[in-house]
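Undergrad: got a structure for you, letters missing:
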């Protein structure tokens, strides 16, 4: 079995690291948050005092970090701290599962390739539940050889591992997918709000739309109206599976990518604006389906 470094042991990274350990790999982890480090130790994961130490002498390194600037700093080094690329031995497989901007992902890929490190960007879909169950969808960007080297590790933490193409294409797939999700949730919120105002029971609309042309994944799984879909966050006071803050982040990344590519995404831009309003009103910790509160003008 392999020795693996894992940097970023939070809500997503922690369960992923535990699944790698449960599969028989030796995992040593690092996080800047003491609570995350303590939780990893409680799970039997060795912890170290720096990202560079986590990358030293291992066969593979995972990262799960908040933003592109963090990924650049960890891989390339910052503030006189050695980066993962410099600390790892040549040939170490590098797997970044953060959701970040495409430009940062491709910059780190280029640095890793120059140093002789196979690297993939592998952002995930499936939330904390998927991370805990090992059923995440992994959207993977990178050269064919790097994908082949990373795949055995990815298959432990993910239920579906899909090669999306070259460096950065995992990030492209993630932001495009979540732009669809954000736009669709707003459409659901508008339709169910309109139906209620016109006197149509939301369960009746669901029964009709779920088997008609209006059917969509967000409506079937994360319906924004309480009492319609049993497992939806709407039935738990919108306690998040996927938070408004995370949706806001992904929609902003999609808009940055669209601007860089010169692509027109007017519905994506409107979705980003609405989630910005909702997050800035103090609702970032609610599930993304709680956007119906903005649409319906609820408190």
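TA: Looks like it arrived, so ask away. If you're wondering where the values come from, they're calculated on a predicted model, not measured in any experiment. Numbers count the residues shown, from 1 in each chain.

Undergrad: what sits opposite the residue positioned nearest the centre of the chain in the beta ladder?
TA: In the chain, the centroid-proximal residue (Cα atoms, centre = their mean) is residue 124; its distance is 4.6 Å. Beta bridges link residue 124 to residue 138, judged by DSSP bridges.

Undergrad: Correct me if wrong: it contacts residue 159.
TA: No: the criterion here is Cβ atoms under 8 Å, and residue 124 misses it with residue 159 at 10.4 Å. Heads up, the C-betas are built off the backbone N, CA and C, glycines and all.

Undergrad: Overlap in contacts, the two.
TA: Counting by Cβ atoms under 8 Å, 6 or more residues apart in numbering, the shared contacts of residue 124 and residue 159 are 130, 136, 137.

Undergrad: need the contact list for the first one.
TA: Looking back up the chat, that one is residue 130. Applying Cβ under 8 Å, 6+ apart, we find residue 130 in contact with 124, 136, 137, 159.

Undergrad: again with the second one
TA: Residue 136 makes contacts with 16, 124, 125, 126, 130, 157, 158, 159, 160, as judged by Cβ under 8 Å, 6+ apart.

Undergrad: Just put those in a markdown table and tack on pLDDT, distance to residue 189 and secondary structure.
TA: Shown next, in a markdown table, are these (pLDDT from 0 to 100; distance: Cβ to Cβ, whole Å; DSSP: H, G, I helix; E, B strand; the rest coil):
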| residue | pLDDT | distance to residue 189 | secondary structure |
| --- | --- | --- | --- |
| 16 | 97 | 31 | helix |
| 124 | 96 | 25 | strand |
| 125 | 90 | 21 | strand |
| 126 | 87 | 22 | coil |
| 130 | 91 | 24 | helix |
| 157 | 96 | 32 | helix |
| 158 | 96 | 30 | strand |
| 159 | 94 | 28 | strand |
| 160 | 96 | 28 | strand |
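
Undergrad: Among those, name the buried ones.
TA: The neighbour-count test (16 or more other Cβ atoms under 10 Å) applied to the contacts of residue 136 identifies 16, 124, 125, 126, 130, 157, 158 as buried.

Undergrad: Which of the residues you listed sits closest to residue 144?
TA: Closest approach between the buried ones among the contacts of residue 136 and residue 144, by Cβ to Cβ: residue 158, at 18.3 Å.

Undergrad: give me the beta-bridge partners of that closest one?
TA: residue 136.

Undergrad: Next up, the contacts around it.
TA: By Cβ under 8 Å, 6+ apart, the contact set of residue 158 is 124, 126, 134, 135, 136, 137, 138.
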